[in-house]
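The following block contains a protein sequence and its predicted model.
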Amino acid sequence: MTMPYDTSAEAIRERLRACGLRPTRQREELAGLLFGSGDRHVTAEGLHREAMVGGTQVSLATVYNTLHQFTQAGLLREVVVDSGRAYFDTNTSRHHHFFNTHTHELADIHGDAISVGRLPEAPEGTRVEDVEVVVRVTPARV
């Protein structure tokens, strides 16, 4: 796990500007929550709950929009674990994930821990950009 980012108001504003995003109050507050405690995986609903408990008045739609804007700007990675369930990862380095189907938690797997031997040829006019592996795990039965 990496150390928290500098979440001072000015550092957050500079980070948003550097990515081409206008630093609005809601973006700044959500960025402070996202990046203030090291690398983490969040859902939009979870971040919305966290914001509301912390006194940030923001709609769930704004949280979704902000997470997608941060992803497009390179501040987050979206990890889709199944249809209708996506997490946002503050660790944007190349890596993979364990997804616990019982607890719905994600855990990082170092990028070099998984080797993909062969990939099919990409469709005409495209190229393989990246391969991300999600390993689903469940509690072992005794």
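Yes, it's here.

Does anything pack onto the longest helix along the chain? Which helices or strands?
Longest helix in the chain by number of residues (criterion: DSSP state H): helix 60-72. Applying 3 or more C-beta pairs under 8 Å, 6 or more residues apart in numbering; DSSP states H and E, one finds that helix 60-72 contacts helix 25-35, helix 44-53, strand 77-82, strand 85-89. All C-beta atoms are positioned from the backbone trio N, CA, C, and that covers glycine.

what's the closest non-adjacent residue to residue 130?
The shortest distance from residue 130 to any non-neighbouring residue, by C-beta to C-beta, 6 or more residues apart in numbering, is to residue 94 (7.2 Å).

same question, residue 79
Residue nearest to residue 79 in three dimensions, not counting chain neighbours: residue 87, with 4.6 Å by C-beta to C-beta, 6+ apart.

Go ahead and confirm the one you found touches residue 40.
No - counting by C-beta atoms under 8 Å, residue 87 stays clear of residue 40, with 9.4 Å between them.

Okay, domains of this protein per the record?
Annotated domains of the chain cover 9-86, 93-137 [automatic domain parsing].

Of the helices and strands packed on helix 60-72, give the one that comes closest to residue 101.
Nearest of the helices and strands packed on helix 60-72 to residue 101, taken as C-beta to C-beta: strand 77-82 at 8.7 Å.
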